[in-house]
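In: Next one to model:
(chains A and B)
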Amino acid sequence: MIDSSIDLSDFQTPGRGGGLADVIRRRYLLGLLVRKGTSTRYRNAALGWMWSYSRPLSQYVIYYFVMGVLLGNNRGIDDFAVYLLSGIIAINFFNESFGAATKSITDNKALVKKIYLPRELFPVAAVLNALVHFLPQMGVLIIAGLLSGWRPSMMTIGTGLLGIGILTLLSTGLGLIFGAINVAYRDAQNLVDVIRLFVTWTAPVMYSWKHVGDALPHWAEQLYLLNPLTTAVGLLHRGFWYMGPADSVNLIPHLWRGSIIAIVITAVVIVIGQLVFRRRERTFAQDL
Amino acid sequence: MSIDEINTAVMRKNSKDVRPSIIIDEVHKAFRLRKARSMKDALLSTVKGEPLSTTFEALKGIDLTVGEGESVAVLGLNGSGKSTLLKLMSGVLEPDRGRVLTRGRVAGLIEVGAGFHPDLTGRENVYLNAAILGMSKKETDERFDSIVEFSEIGDFLESEVKHYSSGMFMRLAFSVAIHTEMDILLVDEILSVGDAPFRAKCRAKIRELVDHGKTMVVVSHDMSTVRELCDRGVVIEKGVKKYDGDVETAIAMLSAAKKPATGKK
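Out: I've put the predicted structure just below:
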């Protein structure tokens, strides 16, 4: 036993950090990790960053023609091109961020096994990397919006930022949960792939939410509107596509109520994520 | 560091009431060797009532106190638990039972270069790794020239690390690690880095840190290194502390243990 005469007040327990608070404390390292991610992403590809846009662009073209033109979803939605684009980049950002955060611990196993550092850094850096990747797509959306007559205001920018904020924090929380589980069970990353597929089709990206109301009973519609991703996509629609009362039928209703619900859900997911992560991180070094 | 400060460090080292820097208190560590690698396996085993894992006890109740400014060698045969003990001190692993406490900043010369990225230049890697080891930008800026000079990589600083020879890579990685700000230094088999002159330089640098009152724990199979750097030796056998005292006696015990061990198995 420890001699009781020793003053233990200035001792630390190695390996017990402050969780997400430590990530803020080590923001200099976080910045370097994000920069490492962005600068090495396409290091050996001749076309480099163009690959970042070829996938979303092809996806966009396919959805536009199949969902919009062939299946007629563009009828009844003004500026369907902008409607589709704002939803697609939001959902792609969420999916990339969530997927990368889930794999972040296993991808950095060389470090996790050998050096102690707050491991929350890895999922957070993965999310921020996805955010950096998302910003130029945001630029494309703004240009497309301006071309079709949309004008920025405090309201539109604020709404857009709220939507992006929800997506960022929600993917961080989910990334903490699945990233931690993925260390012991690689099934997590496959499960995440399935979830990402659902996310793409359950959010009102390629169609208007009102079809959901028409096709499903009232309780299912309410459930649909509770999904924070539906709200986030709605906020981006409100921010970058909505141009007046004529568009209201295609806009998610009760967006403010929905936003509060989404913020609460996101906060709960982050807390659960932190708890699960803290519990599982004790065995990261030996399970990897 | 002034002469006065060195003197106080030496005095503290010699006095009976040095404050401990590391306290290992009744520490147990077992590793679960998991059989299930998927949720399906885990579920099936639970249904069948089979154990999900078998356990291997690496440390069975270790007690150890290292005083400030002391340099201690942890000796033992392969699999005795000495590297596990070091990983507990660094925080990479956590004990199952008991407590590990440290005072001050801990730095490890353990598998240096783990944070290096082959596609980044030497310079970028120095900053990234220094940050991983807990240094701020300002601290790295201050030490940057010493780091580069010590590593002897010269003109390769702006080249991507993947073009380095393995010797250059290790020299740079070691150089970053040894220049971190620390109170406690953990050394695990690192002195096999590079060629003979570089190894001598590393030992001299570590010796310098010890003389400046840094606390050090060394795991090495190289007895001449251990003799040179440590005054105190701890022998661990199968997760149990067998001896704690003078380093020469510890080395003698270990070489005695090596012979019957080969006969037994």
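
In: So, low pLDDT: which residues of chain B?
Out: B:1-17, B:34-37, B:190-194, B:260-265 (pLDDT under 70).

In: Mind naming the longest helix for it?
Out: Counting by DSSP state H, the longest helix found in chain B is helix B:247-264.

In: for that helix, packing partners?
Out: Applying 3 or more C-beta pairs under 8 Å, 6 or more residues apart in numbering or on different chains; DSSP states H and E, one finds that helix B:247-264 makes contact with strand B:71-75, helix B:223-229, strand B:232-237, strand B:240-246. For glycine as for every other residue, the C-beta is placed from the backbone atoms N, C-alpha and C.

In: in stretch B:218-234, what's buried?
Out: B:218, B:219, B:220, B:223, B:225, B:226, B:229, B:230, B:233, B:234 (16 or more other C-beta atoms under 10 Å in any protein chain shown).

In: brain fart, stretch B:98-109
Out: By 16+ other C-beta under 10 Å, the buried positions in stretch B:98-109 come out as B:98, B:100, B:101, B:102, B:103, B:104, B:106, B:107, B:108, B:109.

In: how long is stretch B:162-169 from one end to the other?
Out: 9 Å (C-alpha to C-alpha, to the nearest Å).

In: contacts for it?
Out: Here stretch B:162-169 makes contact (C-beta atoms under 8 Å, 6 or more residues apart in numbering or on different chains) with B:113, B:116, B:118-119, B:122, B:151, B:153, B:156, B:161, B:172, B:194-195, B:198.

In: which ones are touching residue 246?
Out: Went with chain A since none was named. residue A:78.

In: hm, I was asking about chain B
Out: Taking C-beta under 8 Å, 6+ apart, we find residue B:246 in contact with B:231, B:232, B:233.

In: if we can go back for a sec, to residue B:61, which of the helices and strands packed on helix B:247-264 lies closest?
Out: Nearest to residue B:61 among those is strand B:240-246; the distance by C-beta to C-beta comes to 7.3 Å.

In: Okay, now the sheet partners of that closest one, with direction.
Out: Sheet partners assigned to strand B:240-246 using DSSP bridges are listed as strand B:232-237 (antiparallel).

In: if we can go back for a sec, mark which of the contacts of stretch B:162-169 are buried, thanks.
Out: Among the contacts of stretch B:162-169, those buried by neighbour count (16+ other C-beta under 10 Å) are B:113, B:116, B:122, B:151, B:153, B:156, B:161, B:172, B:194, B:198.

In: Among these, which one lies nearest to residue B:53?
Out: Proximity of the buried ones among the contacts of stretch B:162-169 to residue B:53 (C-beta to C-beta) peaks at residue B:113, which lies at 31.3 Å.

In: Please verify my assumption that that closest one contacts residue B:173.
Out: Yes: Residue B:113 is in contact with residue B:173 according to C-beta atoms under 8 Å; the separation is 3.3 Å.

In: which residues do the two both contact?
Out: Listed as contacting both residue B:113 and residue B:173 by C-beta under 8 Å, 6+ apart are residue B:129.

In: Mind picking out the helix or strand in chain A with the poorest mean pLDDT?
Out: helix A:50-63 (a mean of 82; mean pLDDT, DSSP states H and E).

In: List the contacts of it.
Out: If you take C-beta under 8 Å, 6+ apart as the criterion, helix A:50-63 is touched by A:41-42, A:45, A:84-85, A:88-89, A:92, A:133, A:136-137, A:205-206.

In: same question, stretch A:11-21
Out: Applying C-beta under 8 Å, 6+ apart, the external contacts of stretch A:11-21 come out as A:25, A:116, A:118, A:120, A:124, A:270, A:274, A:277-278, A:282, B:23, B:88-94, B:99-103, B:106.

In: Which of the residues you listed fall within helices?
Out: Per DSSP H, helices hold the following members of the contacts of stretch A:11-21: A:25, A:124, A:270, A:274, A:277, A:278, B:88, B:89, B:90.

In: Give me the distance from stretch B:156-170 to the chain's centre.
Out: Its chain's C-alpha centre and that of stretch B:156-170 lie 24 Å apart, by C-alpha atoms, centre = their mean, to the nearest Å.

In: Ok, stretch A:111-127 next?
Out: Its chain's C-alpha centre and that of stretch A:111-127 lie 19 Å apart, by C-alpha atoms, centre = their mean.

In: Identify each of the strands in chain B and give its residue range.
Out: B:20-34, B:53-67, B:71-75, B:97-102, B:106-109, B:184-188, B:215-219, B:232-237, B:240-246 (DSSP state E).

In: Report the contact partners of residue B:183.
Out: Contacts of residue B:183 were listed using C-beta under 8 Å, 6+ apart, and they are B:21, B:68, B:103, B:104, B:105, B:106, B:214, B:215.

In: quick revisit: which of the contacts of stretch B:162-169 lies closest to chain A?
Out: When the contacts of stretch B:162-169 are ranked by distance to chain A (C-beta to the nearest C-beta), residue B:119 comes first, at 4.5 Å.

In: For the closest one, what are phi and psi?
Out: Per-residue torsions, residue B:119: phi -90, psi 0 (degrees, to the nearest 10).

In: Thought residue A:42 was touching it, still the case?
Out: No: judged on C-beta under 8 Å, residue B:119 makes no contact with residue A:42 at a distance of 10.3 Å.

In: With just CA atoms, put stretch B:78-87 into PDB.
Out: Presented in PDB, the C-alpha positions along stretch B:78-87 are these (Å, rounded to 0.1, in the frame of the first residue of the first chain):
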ATOM      1  CA  ASN B  78      11.100 -12.100 -22.400                       C
ATOM      2  CA  GLY B  79       7.400 -12.200 -21.300                       C
ATOM      3  CA  SER B  80       8.200 -11.300 -17.700                       C
ATOM      4  CA  GLY B  81       6.000  -8.200 -17.900                       C
ATOM      5  CA  LYS B  82       8.600  -5.400 -18.000                       C
ATOM      6  CA  SER B  83       7.300  -3.800 -21.200                       C
ATOM      7  CA  THR B  84       3.700  -4.000 -19.900                       C
ATOM      8  CA  LEU B  85       4.900  -2.200 -16.800                       C
ATOM      9  CA  LEU B  86       6.400   0.600 -18.900                       C
ATOM     10  CA  LYS B  87       3.200   0.900 -20.900                       C
END
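
In: looking at it, residue B:229 is touching residue B:216, isn't it?
Out: Yes: with contact defined as C-beta under 8 Å, residue B:229 counts as touching residue B:216 (7.0 Å).

In: any common contacting residues for those two?
Out: Shared contacts of residue B:229 and residue B:216 (C-beta under 8 Å, 6+ apart): B:71, B:187, B:206, B:210.

In: Which single one of those is nearest to chain A?
Out: Nearest member of those to chain A, counting by C-beta to the nearest C-beta, is residue B:187, at 13.8 Å.

In: so the closest one sits right up against residue B:210, yeah?
Out: No: using C-beta under 8 Å, residue B:187 makes no contact with residue B:210, being 10.5 Å away.

In: More neighbours: which of these two?
Out: Each of residue B:187 and residue B:210 has its neighbours counted (other C-beta atoms under 10 Å in any protein chain shown); residue B:187 has more, 27 against 21.
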